[in-house]
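Asker: quick one, fold the following:
(one chain, ligands or ions: 1)
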Amino acid sequence: MFEITPSTTTGAAGTLEHYHSLTSQLTALTAGEPDIIANLANISAVLFEHIDNINWLGFYIMKHGELVLGPFQGKVACVRIPVGQGVCGTAVATGAVQRVENVHEFAGHIACDSASESELVLPIKYQGEVVAVLDIDSPNLNRFSKLDQQGFELMLPLLESLNWHSIWKPHAE
Ligand code: SME
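Answerer: Residues are numbered from 1 along each chain as shown. Below is the predicted model:
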């Protein structure tokens, strides 16, 4: 059984070394497995367990022109998010990482879990288009520093190398 424990993860929580270590272990965990839903599910489980002070972590996947809830850890969440709405839809519309220190000050923020205070959303690109986002919520204000953003960005090459082609339905029909 593949195991990721504090003893197999190096670097103190929140350091780039820790994010590097998690990225290496996620690469090993997903290597050779073509099923993207299984891989996203395991990635969300690992990250939710090994990142401090978060209350929700998961994926929204572009399907027919809108974001649809994918594998995640945390409380029940809204299922569909239009492009351009909320923090997640803004990440798709702009193609840029959204690091929100206080979600209550973000116009249009969609509150799924009322405990969330800050949020980090990373767009995941495939063939030049945003196919999904990784959304991380925290119950603490200003939880995500620039260093945390850089740490999660280390995971993007792995996330973008997953088998998106198997589920790619980005456009409206
Ligand atoms: N807060 C997000 C919605 C998703 S939940 O946080 C899980 C947003 O504004 O897009």
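
Asker: ok, now how distant is the closest residue to residue 81 other than its chain neighbours from residue 52?
Answerer: Using C-beta to C-beta, 6 or more residues apart in numbering and skipping residues adjacent in sequence, the residue nearest residue 81 is residue 67, 4.2 Å away. Bear in mind the C-beta positions are built from the backbone N, C-alpha and C, glycine included. If you measure residue 67 against residue 52 using C-beta to C-beta, to the nearest Å, the figure is 26 Å.

Asker: more neighbours: which of these two?
Answerer: Shown here are residue 67 and residue 52; by other C-beta atoms under 10 Å, residue 67 has more neighbours (26 against 10).

Asker: list the contacts of the more buried one.
Answerer: 60-61, 80-83, 88-89, 92, 132-133 (C-beta atoms under 8 Å, 6 or more residues apart in numbering).

Asker: redo that, cut-off 7 Å
Answerer: 60-61, 80-81, 88-89, 92, 133 (C-beta atoms under 7 Å, 6 or more residues apart in numbering).

Asker: what residues does the closest residue to residue 112 other than its chain neighbours make contact with?
Answerer: Using C-beta to C-beta, 6+ apart and skipping residues adjacent in sequence, the residue nearest residue 112 is residue 77, 4.2 Å away. Residues near residue 77 by C-beta under 7 Å, 6+ apart: 56, 69, 112.
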